[in-house]
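S.K.: take a look and give me a structure for this.
(chains A and B)
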Amino acid sequence: MKNPEVIERIYDTSLAMFLEKGYDKVRVSDICQAVMITKPTFYAYELSKEDLLNHAFEAGFDHMIVQPGGDSNRELMDAILGEEEKIITRAFTLGPSLVRSFLKNNINRPGLSVHWKEPWQSKMYEMIETAQNRRIIRNPMPAAKLLHAMNVVLLGYSFSFCTGSGRHLTIEKARRVLMTFMNVDCSKLEEGIG
Amino acid sequence: MKTEAKRRFYIDTAMRMFLEKGYDQVSVNDICQRLRITKPTFYHYVEAKEMVLVQYFDEVQETVIDRIEPMVRKGEFLDALITGLTVYHEPAIRLGYDLFSVYIRSMLVEEGSTWRNDPRLQELMVACIDELQQQGLISNSADPEQLYYTLVHLDQGLCISWCAEQGGFDLAAAFYDSLASMLGLDETQLKHPAASRDAALSKQEYSNG
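M.R.: Residues are numbered from 1 along each chain as shown, chains lettered A, B, ... in the order given. Now for the predicted structure:
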């Protein structure tokens, strides 16, 4: 029987070990020892080392609830950008070395740049469409395509972050990249309901 | 053969073997056997197997400036911009997503090499964006450098997505669509809108050396 508490312990412990020693230096047997389970038990949970790292990057995005604080243009954009920033914040928190391992592991895995689930996704579409109707976002792509493209841009940003040029990158710069991509009309941010 | 000619010949031969048999199926031994050279000779020119791809793509980047400059002189700023931004699309499509993935993976090491680090190229691209803004073709009024920086990340992300989706979408078309929407490109003003879309794909011919 799979014990959810054990799974959580495996996730937490392995992430702590990856962060401390680096992904490549941690073996499954080290994780088992730290969690005090046997290797057959570990594999009975149908997990691999790759799964553990993927979980660190991808978990939690399926139950985000986005709600603009109010109805002003600025609050709407803050809500959209705030959600997108969570992706890049995760990369910054886990650090360049783990981002590299994550990308190396997943370079041929379809859906790499998409990890949105319902109802979160529909809420994002709705907010993007509202911002487009108010002419705050001037990029005319349909909301679904725009959201996907922004996640692709963030994937590219994560790549820069974990390779040679990444040291000077910040979350603030990522925000500016997204605003540039959406072609945000900054003068509209000071107005109320458009 | 001169040193540089030798190096190119080794790289081209190795690339052809990767294309024929797949990267993992070709060892440095196999390459040396085909070239009739010893391993130390090979390693004198190419530090490691994955460096074959790195050197190959470095060369692609070095030659792009020569292709762009004439476009800029003729006032084809959008073609120049797209060609400069999509340097890797043509080789990626020709080599296939699996070989391209090996190249991307080779950059994912500590102190790894970086994509697009030529400051001359960047300067030229920013100047093209500036020009297109002044002509009213690009309506996004963000700073040209910021626009370039954003487009670079869009392209990087798309190239990685393309590998992840195992080549399952049209890389050049996807890039053009996103670029046009982001820049607010006035396509009615373009003399040859279709030409720009294909600029990156049509203007580079690979010689087998």
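S.K.: for the rest of this, base every contact and every neighbour count on C-alpha atoms.
M.R.: OK.
S.K.: list the contacts of the residue nearest the centre of chain A.
M.R.: By C-alpha atoms, centre = their mean, chain A has its centre lying nearest to residue A:87, at 2.6 Å. Counting by C-alpha atoms under 8 Å, 6 or more residues apart in numbering or on different chains, residue A:87 touches residue A:154.
S.K.: roughly how far apart are it and chain B?
M.R.: As judged by C-alpha to the nearest C-alpha, to the nearest Å, residue A:87 and chain B stand 14 Å apart.
S.K.: not counting the host helix or strand of residue A:30 itself, show me its contacts.
M.R.: Residue A:30 belongs to helix A:28-35 when assigned by DSSP states H and E. Under the contact criterion C-alpha under 8 Å, 6+ apart, helix A:28-35 has outside partners A:9-10, A:13-14, A:17, A:38-39, A:42, A:49.
S.K.: just after the one helix or strand the residue nearest to the centre of chain A maps to, pick out the following helix or strand.
M.R.: According to DSSP H and E, residue A:87 maps onto helix A:73-94. Toward the C-terminus, helix A:73-94 is succeeded by helix A:96-106 as the next helix or strand (DSSP H and E).
S.K.: and the gap between residue B:42 and residue B:11?
M.R.: Remark: distance between residue B:42 and residue B:11 (C-alpha to C-alpha, to the nearest Å) = 10 Å.
S.K.: close to chain A: what parts of chain B are there?
M.R.: Residues of chain B found near chain A (C-alpha under 8 Å from any C-alpha of the partner chain) are B:101, B:105, B:107-114, B:140, B:142, B:146-147, B:149-150, B:152-158, B:160-161, B:163-166, B:178, B:181-184.
S.K.: kindly recompute the last result at 7 Å.
M.R.: Within chain B, the residues that sit near chain A (C-alpha under 7 Å from any C-alpha of the partner chain) are B:101, B:105, B:107-108, B:110-114, B:140, B:142, B:147, B:150, B:153-154, B:156-158, B:160-161, B:163-166, B:181-182, B:184.
S.K.: and those, which of them are buried?
M.R.: Taking 16 or more other C-alpha atoms under 10 Å in any protein chain shown as the criterion, what is buried in the residues of chain B next to chain A is B:101, B:105, B:107-108, B:113-114, B:140, B:142, B:147, B:150, B:153-154, B:156-158, B:160-161, B:163-166, B:181-182, B:184.
S.K.: check what pLDDT residue 118 gets.
M.R.: Reading this off chain A. Per-residue pLDDT puts residue A:118 at 79.
S.K.: sorry, I should have been clearer: chain B.
M.R.: Residue B:118 is assigned a predicted lDDT (pLDDT) of 80.
S.K.: same thing with residue A:10?
M.R.: Residue A:10 is given a pLDDT of 95.
S.K.: count the neighbours of it for me.
M.R.: 21 (other C-alpha atoms under 10 Å in any protein chain shown).
S.K.: which one is it nearest to, not counting chain neighbours?
M.R.: Setting aside the residues directly before and after it, residue A:10 is nearest to residue A:35 in space (C-alpha to C-alpha, 6 or more residues apart in numbering or on different chains), at 6.4 Å.
S.K.: show the pLDDT at the closest residue to residue B:125 other than its chain neighbours.
M.R.: Leaving aside its sequence neighbours, residue B:125 sits nearest to residue B:81 (C-alpha to C-alpha, 6+ apart; 5.6 Å). Note on residue B:81: pLDDT of 95.
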